[in-house]
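Trainee: coordinates for the following, if possible.
(chains A and B)
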Number of protein chains: 2
Amino acid sequence: MKKLINNPEVVVEEMLEGMVRAFPQYVRKLEGYNVIVRADAPVKGKVALVSGGGSGHEPSHAGYVGKGMLDAGVAGAVFTSPTPDQIFEAIKAVDGGAGVLLIIKNYTGDVMNFEMAGDMARDEGIEVASVIVNDDVAVENSTYTVGRRGIAGTVFVHKIAGAKAQAGGTLEEVKAVAEKVIKNVRSMGMALTPCIVPAAGKPTFTIGDDEMEIGMGIHGEPGTMRTNIMKADEIVDHLMSKILADLPFESGAEVAVMVNGLGGTPLMELFILNRRVSQILDEKGIKVYRTYVGEFMTSLEMAGASITLLKLDDELKSLLDAPADTPAFKQL
Amino acid sequence: MKKLINNPEVVVEEMLEGMVRAFPQYVRKLEGYNVIVRADAPVKGKVALVSGGGSGHEPSHAGYVGKGMLDAGVAGAVFTSPTPDQIFEAIKAVDGGAGVLLIIKNYTGDVMNFEMAGDMARDEGIEVASVIVNDDVAVENSTYTVGRRGIAGTVFVHKIAGAKAQAGGTLEEVKAVAEKVIKNVRSMGMALTPCIVPAAGKPTFTIGDDEMEIGMGIHGEPGTMRTNIMKADEIVDHLMSKILADLPFESGAEVAVMVNGLGGTPLMELFILNRRVSQILDEKGIKVYRTYVGEFMTSLEMAGASITLLKLDDELKSLLDAPADTPAFKQL
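Mentor: Here you go, the predicted structure:
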């Protein structure tokens, strides 16, 4: 296991310490909990956004804590849902009196624990709403999921709902725009290699030197097809055909594109993927409004990528364009 | 070779097309040349900054083209210096009448070709100056280098000289502040794995499953020590002892920190490294002004990292704080 770590048992704690030491202007850690909140939390009168999940998907979710995006990122153990009491502490720490929106990726454990924490907070008189992101078109049910998985499209929910909250939206309005993003966002990924969860010390799955897996989840959950490695363009053609057909995205639509690396894929390759994504959208008469290329929702050192498309309207465009200032996502 | 590419012979062309398709608001490509320039180049009356080098180090250098940083990024073949005529075209395209500064990483081919391009431009009446970045304290001479290699510290030169140029500095002033950064920046890296140059199809070097190399260059050039994998803290202790002693950085100094991933290293591990970097600086009485953690100067999919420290004064702090808006480096 080739990893730059000290002790597999404390990777999350040491990572969070390293993050807070890097970005004290943006974030602080809740004493005694693996929860990262805005340095200035709670922001009085603003709807607060709480997201999170298992660690190993960095910069998700704590990297998006800051002005214009999240108020708290809750970090579970690697690939493991955070506990209800962790999430409850996050909610209490960021509630500024205008309510809290929980942005949950659709994994059974995450949904259960976030909902339970929401109930605990409601019992204390905090107004809590939640949305569940399920953008992955690859599979309907999966290892850890009833229904579709939530993957990189979640970052668009953070950005757009975060902008709405920053602009003074009510909890109802922030939730409504988050739901609109979820309704209009679709993703699908693939992997060339597995990753190694530090505490396990062995790969999440095995795959041949000449093989790849299409539709792979961000925890190494099985995808839809194991095949010989294809050319980048062929891979994109396959992923895009599934994504485009699903919403469907049609000629005349305007979209935001995210080409997301899973951790071990060089930026060079992500740009080569985006070339074909953009060509296909041109051919289909779909207009690209903004493109994001980089690592947004990773799977430790997994080599692979996902493609996300979000269909935009004027409201979503304006919220996507709003400034954001977080460790991992900045917009001027 | 597990890569998301189409054809090893055209990876640079396809990457640049993917980048321009992603970021048309920031950049465009010079027709017929692997040169990325600001979308609004030339900026009249502003000193223009040109950098570049072999490809495979993304987001360096084209990812830093935009307001407040570079005017052009020249992309050679993978790990291969760009040609003088390419660089010459870049200079001509971005010269806004106030002169052009070439920011060159210290590799023999880069220095030769950038200097030759500078001469060609001077022959056409363009005012050209150049600086050479040599921040890597690992080795004095190396495979492709007389003197020290230039690595991730180069990004601080882009940021700070870019801010000076954006603020209206003269060529002489922009060069002077670039030289000041170079004088005060030190880096050192290490690698757990090699990378594969697409056209070669095989790893740049071999290394055991339980081994790492300290002082490794960003093209797989040999470092200073091949050893068993150490804990993250031990690795940082070693790199920091070399870096700190070199300038030297002393108690009371104020620094910017960059923890740079080489392409295949998860962000989780980079934060674990930064935890120890920050602890050491605390112990030494050195104040951290800003920290950058991510992928800034990579080596394709190599697993590994480098640490960079830049000693700051008031001028450097103010230029580091200035806004920047580029595909890969944003500051509000």
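
Trainee: what are the ranges of the helices in the stretch 151-300 of chain A?
Mentor: A:154-166, A:171-184, A:232-246, A:267-284 (DSSP state H, counting those that start in this stretch).

Trainee: I should have written the stretch 1-150 of chain A there, sorry.
Mentor: Using DSSP H, counting those that start in this stretch, helices in the stretch 1-150 of chain A cover A:11-22, A:84-94, A:108-123.

Trainee: want to try JSON lines for the helices of the stretch 151-300 of chain A, with mean pLDDT and distance to B:Ala75 as columns?
Mentor: C-beta coordinates here come from the backbone N, C-alpha and C atoms, glycine included. Shown next, in JSON lines, are those (pLDDT from 0 to 100; distance: least, C-beta to C-beta, whole Å):
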{"stretch": "helix A:154-166", "mean pLDDT": "98", "distance to B:Ala75": "28"}
{"stretch": "helix A:171-184", "mean pLDDT": "98", "distance to B:Ala75": "35"}
{"stretch": "helix A:232-246", "mean pLDDT": "98", "distance to B:Ala75": "18"}
{"stretch": "helix A:267-284", "mean pLDDT": "98", "distance to B:Ala75": "10"}
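
Trainee: what's the most buried one of those helices?
Mentor: The highest average neighbour count among these, using mean count of other C-beta atoms under 10 Å in any protein chain shown, belongs to helix A:154-166 at a mean of 28.

Trainee: extract the C-alpha trace of that one and format it as CSV.
Mentor: The C-alpha trace of helix A:154-166 is given here as CSV (Å, rounded to 0.1, in the frame of the first residue of the first chain):
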residue,chain,number,x,y,z
THR,A,154,-23.7,17.0,-5.8
VAL,A,155,-21.2,19.8,-6.2
PHE,A,156,-23.6,21.7,-8.4
VAL,A,157,-26.2,21.4,-5.7
HIS,A,158,-23.7,22.8,-3.2
LYS,A,159,-22.8,25.7,-5.5
ILE,A,160,-26.3,26.7,-6.6
ALA,A,161,-28.1,26.2,-3.3
GLY,A,162,-25.2,27.9,-1.6
ALA,A,163,-25.6,30.9,-3.8
LYS,A,164,-29.3,31.1,-3.1
ALA,A,165,-28.7,30.9,0.7
GLN,A,166,-25.9,33.5,0.4
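
Trainee: quick one: contacts of it?
Mentor: Residues from elsewhere that reach helix A:154-166, judged by C-beta atoms under 8 Å, 6 or more residues apart in numbering or on different chains: A:46-49, A:51, A:60-61, A:64, A:67-70, A:101, A:103, A:105, A:131, A:133, A:135, A:173-175, A:177-178, A:181-182, A:185, A:256, A:258, A:292, A:296-297, A:308, A:310, A:316, A:319-320, A:322, A:324, A:329.

Trainee: what mean pLDDT does stretch A:29-40 have?
Mentor: On average, the pLDDT along stretch A:29-40 is 98.

Trainee: that stretch and chain B, are they touching?
Mentor: No - against chain B, stretch A:29-40 shows no contacts by C-beta under 8 Å from any C-beta of the partner chain, the least distance being 11.1 Å.

Trainee: of all the helices of the stretch 1-150 of chain A, which one is nearest A:Gly56?
Mentor: Of all those, helix A:11-22 sits nearest to A:Gly56, with 8.8 Å by C-beta to C-beta.

Trainee: report the residue ranges of every domain in chain A.
Mentor: Recorded structural domains for chain A (assignment: automatic domain parsing) are A:8-184, A:185-320.

Trainee: now render the helices of the stretch 1-150 of chain A as TSV, adding mean pLDDT.
Mentor: Output for the helices of the stretch 1-150 of chain A, formatted as TSV (pLDDT from 0 to 100):
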stretch	mean pLDDT
helix A:11-22	98
helix A:84-94	98
helix A:108-123	98
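
Trainee: quick one: closest of the ones you listed to B:Ala117.
Mentor: Set against B:Ala117 and scored by C-beta to C-beta, the helices of the stretch 1-150 of chain A come closest in helix A:11-22, at 37.2 Å.

Trainee: and the strands in chain A?
Mentor: All strands of chain A, identified by DSSP state E, fall at A:27-29, A:35-38, A:48-55, A:72-78, A:100-105, A:128-133, A:185-191, A:211-214, A:225-228, A:254-261, A:287-294, A:304-311, A:324-325, A:330-331.

Trainee: need these in CSV (columns: distance to B:Val37 and mean neighbour count).
Mentor: Formatted as CSV, the strands of chain A follow (distance: least, C-beta to C-beta, whole Å; neighbours: other C-beta atoms under 10 Å in any protein chain shown):
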stretch, distance to B:Val37, mean neighbour count
strand A:27-29, 36, 20
strand A:35-38, 37, 26
strand A:48-55, 38, 29
strand A:72-78, 37, 26
strand A:100-105, 39, 29
strand A:128-133, 38, 21
strand A:185-191, 32, 28
strand A:211-214, 35, 20
strand A:225-228, 39, 13
strand A:254-261, 23, 24
strand A:287-294, 19, 19
strand A:304-311, 27, 28
strand A:324-325, 27, 20
strand A:330-331, 22, 18
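
Trainee: which residue sits closest to A:Lys2 in space, ignoring its chain neighbours?
Mentor: In space, and not counting its chain neighbours, A:Lys2 is closest to B:Leu192: 4.3 Å by C-beta to C-beta, 6 or more residues apart in numbering or on different chains.

Trainee: keep only the contacts of helix A:154-166 that also lie close to chain B.
Mentor: A:Tyr292.

Trainee: who in the stretch 151-300 of chain A is up against chain B?
Mentor: So the stretch 151-300 of chain A meets chain B at A:192-193, A:209, A:212, A:229, A:231-233, A:235, A:257, A:259, A:263-276, A:278-279, A:288, A:291-295, A:298, A:300 (C-beta under 8 Å from any C-beta).

Trainee: and with 6 Å instead?
Mentor: A:192, A:231-233, A:263-264, A:266-269, A:271-275, A:278, A:291, A:293, A:300 (C-beta under 6 Å from any C-beta of the partner chain).

Trainee: and A:Val111, how close does it get to B:Asp136?
Mentor: 48 Å (C-beta to C-beta, to the nearest Å).

Trainee: equivalent analysis for A:Gly147, please.
Mentor: Relative to B:Asp136, and taking C-beta to C-beta, A:Gly147 is found at 50 Å.
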